[in-house]
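S.K.: this one's sequence-less:
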């Protein structure tokens, strides 16, 4: 099924008819994976207990919110996505789903996710989820993306909020640990995207999106990646330093962070597209493992101290 | 694009939407049970 759909998508006259797979792609499943995983970890770490059904509901709301944001983003960016190699096959870019339809899907999912979060969990979590979607759509997509190289720095807040939403869903408040989780993802986002932008500079230049390598050049971007990575690694150590996470997490943060820094240093030193691509790939792996370490750390503590 | 192919894709999307809505109905039902039972 998958293979036939993919090969059909390359056939000219079939290009303009959307299938289920297009709607799946509209929701940027790769981004959703990270959002769902970091949120699931926050749900697990948050003190207190809600029924498993409500845990699952919170996660579904966050996933729907992420899908909604992605659909609306795709709707607004169709005009530039079609001219970038990386994104030209997105369903909205190739015309299989039109912009208005994507917007309708996004708005509908946004409303469902926020209302369900409010009714099933609590309204603080619902408000934070609404803020996350609104930030991604209005602040990042509409306002900053095409105007300033700070686009992904500030826009990164949207990707960093989901664990805070998850935490608030369980506890009804926001404490230091979810704020640190937010800070970690917030600081992780710029080096992650700048590494991508380094080997996709031509794409962004062509469509006039002012990513840092386009505006400030490669050397400056490499310095920024290094600086942000350094600050990020320091912040990843804070949960252990403050006693909010244990030794398992601390050791993992130190080791994974050292590797990230090594990637950033090597990229800064050699400045090759291949290294930028590897750094980008490692950054994704890194965030999964770091949040995995948060969960593992808690599991170890639960086993050790009951 | 053949007529059959178009219909098949349309049906695929309709079935997915139906399953999605059904899923929401089940979720709302379960959430209601849990909330009315005191949440534990």
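M.R.: Yep, it's here. On a predicted model such as this, the values are computed, not experimentally measured, just so you know.
S.K.: what bits of chain B have low per-residue confidence?
M.R.: Applying pLDDT under 70 to chain B flags residues B:1, B:38-40.
S.K.: close to chain A: what parts of it are there?
M.R.: B:1, B:5-6, B:9, B:12-13, B:16, B:24, B:27-28, B:30-31, B:33-35, B:39-40 (Cβ under 8 Å from any Cβ of the partner chain). Backbone N, C-alpha and C define where each C-beta goes, glycine included.
S.K.: show only the entries of those residues found in helices.
M.R.: Of these, the ones assigned to helices by DSSP state H are B:5-6, B:9, B:12-13, B:16, B:24, B:27-28, B:30-31, B:33-35.
S.K.: which helix or strand contains the nearest residue to residue A:246 once chain neighbours are set aside?
M.R.: Counting by Cβ to Cβ, 6 or more residues apart in numbering or on different chains, residue A:246 lies nearest to residue A:297, which is 4.9 Å off, once chain neighbours are set aside. Assigned by DSSP states H and E, residue A:297 belongs to helix A:273-305.
S.K.: elements contacting that helix?
M.R.: Counting contacts by 3 or more Cβ pairs under 8 Å, 6 or more residues apart in numbering or on different chains; DSSP states H and E, helix A:273-305 packs against helix A:29-45, helix A:176-199, helix A:218-241, helix A:247-270.
S.K.: so which bits of chain A are right by chain B?
M.R.: Residues of chain A lying near chain B by Cβ under 8 Å from any Cβ: A:8, A:13-14, A:16-20, A:23, A:49-51, A:53-54, A:57, A:60, A:112, A:116, A:119-120.
S.K.: what subset of the residues you listed is buried?
M.R.: If you count burial by 16 or more other Cβ atoms under 10 Å in any protein chain shown, the buried members of the residues of chain A next to chain B come out as A:8, A:14, A:17-19, A:23, A:50-51, A:53-54, A:57, A:60, A:112, A:116, A:119-120.
S.K.: phi, psi of the residue most central in space within chain B?
M.R.: For chain B, the residue nearest the mean C-alpha position is residue B:20 (2.0 Å; Cα atoms, centre = their mean). The phi/psi pair for residue B:20 (degrees, to the nearest 10) reads phi -60, psi -50.
S.K.: do residue A:49 as well
M.R.: Per degrees, to the nearest 10, the backbone of residue A:49 is at phi -140, psi 130.
S.K.: hmm, back to that, which of the buried ones among the residues of chain A next to chain B fall within helices?
M.R.: Reading helices off those with DSSP H, I get A:8, A:23, A:53, A:54, A:57, A:60, A:112, A:116, A:119, A:120.
S.K.: how far does stretch A:145-153 stretch from start to finish?
M.R.: End-to-end distance of stretch A:145-153: 10 Å, with Cα to Cα, to the nearest Å as the criterion.
S.K.: buried stuff in that stretch?
M.R.: The neighbour-count check on stretch A:145-153 (16+ other Cβ under 10 Å) flags A:145, A:149, A:151, A:152, A:153 as buried.
S.K.: the closest residue to residue A:43 other than its chain neighbours - how many residues pack around it?
M.R.: With Cβ to Cβ, 6+ apart as the criterion, residue A:43 has its nearest non-adjacent residue at 4.7 Å, and that residue is residue A:166. Residue A:166 has 32 neighbouring residues, counting by other Cβ atoms under 10 Å in any protein chain shown.
S.K.: return the distance of the strand or helix carrying residue A:166 from the chain's centre.
M.R.: Assigned by DSSP H and E, residue A:166 falls within helix A:162-171. Centroid separation between helix A:162-171 and its chain, computed with Cα atoms, centre = their mean, to the nearest Å, is 16 Å.
S.K.: could you check the angle helix A:29-45 makes with it?
M.R.: Following axes from the mean of the first three to the mean of the last three Cα atoms, to 10 degrees, one obtains 40 degrees for the angle between helix A:162-171 and helix A:29-45.
S.K.: great, nothing more from me.
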